[in-house]
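J.: take this sequence and fold it.
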Amino acid sequence: MIKEIICDKIVGGHITFHNGLNVVVGDDNARNSIGKSSALLLVDFAFGGHAYIHREDLMTHVGHHDVRIHFVFNRQDYYFVRGTLEASHVHVCNESYRIIETITEDEYCKRLSNYYRISDTGLSFRMMLCLYSRIYGLNNYDENRPLYPGFPLPGCGCIENLVMLFNMYKDIKILSSLKKEANTKYNAYRKVVEMKLVSVLSKDDYKASKKNIDELNCDLENLKTQILTNTLDLTSEQLRVIGCLKRKLARIQREKSFSTDIIEKLENNMMSDNMDINMGLIKKFFPNSNLKKIEEVDTFHKNLTKILHDEITTHLKLEKLKLDRILKEEEEVIGRITNVADNNRVGPLALDRLVSVKHTIDDLISGKNSYEIQDKLLIATKQTNKQYKMRLESVLAQIQQKINNEMAELTDSIYGKDSNAPMIQLKPSSYKLNSKDDTGAGTNWRALITFDLAVFNLTELPFLIHDSHLFKNIGDEGVLGIIKVYSVEHKKQIFISLDKVQGYPKEVQQIVSDHQVIKITDKEPLFGFNWNKKKQTF
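T.: Predicted coordinates:
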């Protein structure tokens, strides 16, 4: 447990803690900005948190400072110093706070986890604590989202964190890893497909491709047999090859015709005369004309004509280069047709056809394989997701029952046996905490606190922090019941802040008085002064 925080910047210079409930008490006017939340953030800082040093107003007005921290575990004392200027490192000290060694913040949190004898659940020490340290400014106290830690988590991270906290993640860990691996592989392959590095057939094309491969393989075997037995018909083979080449030649000549038309149109545009304006004739026949405006239009027209001329020149140059390539390709294909027509040897033609058929088969197999790979990855993704979801549902059902049973017992303690307890519904990708037949603001906040207490009682969570704003909308009866539940905890530690104590029942006042660790008022704020107040001038 944490025993003491020593800091020369706070009123009194230190805060001493004890097992069970520890209360930071505010004044009876419920004033804000006196340091209640800052005191709880200071506790969170002692446990490796960062929100305290991210308070810009605090760092500006109070300045950087060191915080001395005293823990006691199994009657053994441990001393540390953590500074706000270099919070990423923590000093291990002796009882006089002389530095023995310096460790990283991560190592510090690991040591605290070991001191608390927290099991290796898969959840880090800080991730375990951050949700259940509900302090103003941390954005983790939405009464409708009790599992939201104040920052976004990927996928169903909130649900998985709860499973880890209950030390049941081992039941789904392997399936979770398989699910993530399958999703990663499928998404990576889809990315390759989107980048057009791999071509994937449609389902219909895949079926047609399989049929074509079978037919071409049959043709390939027949062709091999004909070559080996020298039974190929030269004339029929020549006609087949020439037919293929002529189809290619027709396509090339269509491209040539299209390109030639474009060049002709561009050259005609280049030859068209520019419209010149005779200013003398205009002045003679239209003496009242706005010659300056006409000159501006003429200048604009000439500039525009020059720009268009440059664009046409560039386009014409590119199109002529394209036509040269088409003409070369046309010449090559015509030459191949001539060679085939004049060739009296069956060997080269047959081998060319053999190679062509083999290439076609290889291309079809490549497309077929790509489809099968994607389909296999998709099936694996669906299967692992389904298995993970089924197992997670089973685990969540167990956790849900435990939490709801515990919340029912806590509600009996807080409000009596006639009150409806809040209930949580846990699903693999969602959750909901509500109270039956009651949706009031106070009920929602009570449900959040009850949920935290249930998790606190059922898990290895070492402490709980609840700021004063959680109690604002809860009636006196509810606050009394909650404070009484807090007060019976003796093994772990609970840290809360509470103001306007005199307005609560006497029993609440007595419990708070017995567990008070520091009192903060408008006259004695946590850091000795309130920088939000206007300075008085005399």
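J.: for the most centrally placed residue in the chain, which three-state class applies?
T.: For the chain, the residue nearest the mean C-alpha position is Pro154 (4.8 Å; Cα atoms, centre = their mean). Look at Pro154: counting by DSSP: H, G, I helix; E, B strand; the rest coil, its state is coil.
J.: list the buried ones in stretch 118-126?
T.: Ile118, Thr121, Gly122, Leu123, Ser124, Phe125, Arg126 (16 or more other Cβ atoms under 10 Å). Any C-beta I mention is one placed from the backbone N, CA and C, and that applies to glycine too.
J.: so what's the first one up against?
T.: By Cβ atoms under 8 Å, 6 or more residues apart in numbering, Ile118 lies in contact with Phe125, Met128, Glu460, Pro462.
J.: keep only those of the residues you listed that are in strands.
T.: Counting by DSSP state E, none of the members of the contacts of Ile118 fall within strands.
J.: next, format the residues you listed as TSV and append pLDDT.
T.: Converted to TSV, those look like this (pLDDT from 0 to 100):
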residue	pLDDT
Phe125	96
Met128	95
Glu460	96
Pro462	96
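J.: of those residues, just say which sits nearest to Leu42.
T.: Pro462 (17.1 Å; Cβ to Cβ).
J.: where does the stretch 401-538 of the chain have low pLDDT?
T.: 436-441, 533-538 (pLDDT under 70).
J.: same deal with the chain?
T.: Using pLDDT under 70, the chain drops low at 30, 189, 192-193, 195-243, 270-308, 337-338, 340-371, 436-441, 533-538.
J.: ok so, going back, Met168 versus the residue nearest to the centre of the chain, what's the distance?
T.: 20 Å (Cβ to Cβ, to the nearest Å).
J.: show me what contacts Ser176?
T.: Glu160, Tyr169, Tyr388 are the contacts of Ser176 under Cβ under 8 Å, 6+ apart.
J.: pretty sure the first one is touching Asp171, no?
T.: No. When contacts are counted by Cβ atoms under 8 Å, Glu160 is not listed as touching Asp171 (11.7 Å).
J.: and the two? which has more neighbours close in?
T.: The neighbour count for Glu160 versus Asp171, taken as other Cβ atoms under 10 Å, is higher for Glu160 (20 against 15).
J.: would you map the helices across the stretch 251-400 of the chain?
T.: 279-285, 291-342, 346-415 (DSSP state H, counting those that start in this stretch).
J.: let me see the domain layout of this protein.
T.: 1-132+461-538, 203-373 (automatic domain parsing).
J.: and Phe71, how many neighbours?
T.: Phe71 has 20 nearby residues by other Cβ under 10 Å.
J.: what's it sitting at in phi/psi?
T.: phi -110, psi 160 (degrees, to the nearest 10).
J.: any idea how far Lys491 is from it?
T.: Counting by Cβ to Cβ - Phe71 and Lys491 are separated by 15 Å.
J.: and stretch 313-322, what's buried?
T.: Leu316, Glu319, Lys322.
J.: go on, stretch 99-118?
T.: So, applying 16+ other Cβ under 10 Å, buried residues of stretch 99-118: Ile103, Glu105, Tyr108, Cys109, Arg111, Leu112, Ser113, Tyr115, Tyr116, Ile118.
J.: got it, and stretch 18-33?
T.: Gly20, Leu21, Asn22, Val23, Val24, Val25, Gly26, Asp27, Arg31.
J.: out of the residues you listed, which is nearest to Gln509?
T.: Val25 (10.2 Å).
J.: who are the contact partners of the closest one?
T.: Ser497, Leu498, Asp499, Val501, Val512, Gln516, Ile518, Lys519, Ile520.
J.: quick check: the residue lying closest to Gln253 once chain neighbours are set aside vs Leu453, distance?
T.: Nearest residue to Gln253, sequence neighbours excluded (Cβ to Cβ, 6 or more residues apart in numbering): Glu330, at 6.6 Å. Distance of Glu330 to Leu453, given as Cβ to Cβ: 85 Å.
J.: so those two - more neighbours on which side?
T.: Leu453 (24 against 16).
J.: SS state for the more buried one?
T.: helix.
J.: coming back round to it: out of the contacts of Ile118, list just those in helices.
T.: Members of the contacts of Ile118 lying in helices (criterion: DSSP state H): Phe125, Met128.
J.: tell me which two of the contacts of Ile118 sit farthest apart.
T.: Phe125 and Glu460 (10.7 Å).
J.: for Leu147, what are its contacts?
T.: Leu131, Cys158, Ile159, Asn161, Leu162, Tyr431.
J.: so which of those wins on neighbours?
T.: Counting by other Cβ under 10 Å, top hit in the contacts of Leu147: Leu162 with 26 neighbours.
J.: count of neighbours near Pro505?
T.: Count around Pro505 with other Cβ under 10 Å applied: 13.
J.: for burial, what's the neighbour tally of the nearest residue to it once chain neighbours are set aside?
T.: Nearest residue to Pro505 in three dimensions, chain neighbours excluded: Leu480, at 5.4 Å (Cβ to Cβ, 6+ apart). For Leu480, the neighbour count with other Cβ under 10 Å is 19.
J.: in three-state terms, label Asn139 for me.
T.: Going by three-state DSSP: Asn139 is coil.
J.: next: the one 4 residues further on.
T.: Reduced to three states with three-state DSSP, the structure at Glu143 is coil.
J.: phi, psi for it please.
T.: The phi/psi pair for Glu143 (degrees, to the nearest 10) is phi -70, psi -20.
J.: how about it, what does it touch?
T.: Leu433, Ala441, Asn444, Trp445, Ala447, Leu448.
J.: helix, strand or coil for the first one?
T.: Pointing back at Leu433 there. strand.
J.: beta partners for it?
T.: On the basis of DSSP bridges, Leu433 is bridged to Ile424.
J.: residues near it, how many?
T.: Neighbours of Leu433 using other Cβ under 10 Å come to 21.
J.: so who does it touch?
T.: Glu143, Asn144, Pro146, Pro422, Met423, Ile424, Gln425, Ala447, Leu448, Phe451.
J.: do you know how far it is from Ile474?
T.: Taking Cβ to Cβ, one finds Leu433 at 15 Å from Ile474.
J.: please apply the same query to the fifth one.
T.: Taking Cβ to Cβ as the measure, Ala447 falls 10 Å from Ile474.
J.: what of the fourth one?
T.: From Trp445 over to Ile474 the distance is 6 Å, taken as Cβ to Cβ.
J.: cool, and the last one?
T.: The spacing between Leu448 and Ile474, counted by Cβ to Cβ, is 10 Å.
J.: how about the third one?
T.: With distances defined as Cβ to Cβ, the gap from Asn444 to Ile474 amounts to 10 Å.
J.: picking that back up, restricted to strands, list the buried residues of stretch 18-33.
T.: Per DSSP E, these map to strands at Gly20, Leu21, Asn22, Val23, Val24, Val25.
J.: ok, Asn22 touching Ser497?
T.: No. Under the criterion of Cβ under 8 Å, Asn22 makes no contact with Ser497, lying 9.9 Å away.
J.: filter the contacts of Glu143 down to the buried ones and hand me the PyMOL line.
T.: Here is the PyMOL selection string for the buried members of the contacts of Glu143, based on 16+ other Cβ under 10 Å:
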select buried, resi 433+444+445+447+448
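J.: perfect, that will be all.
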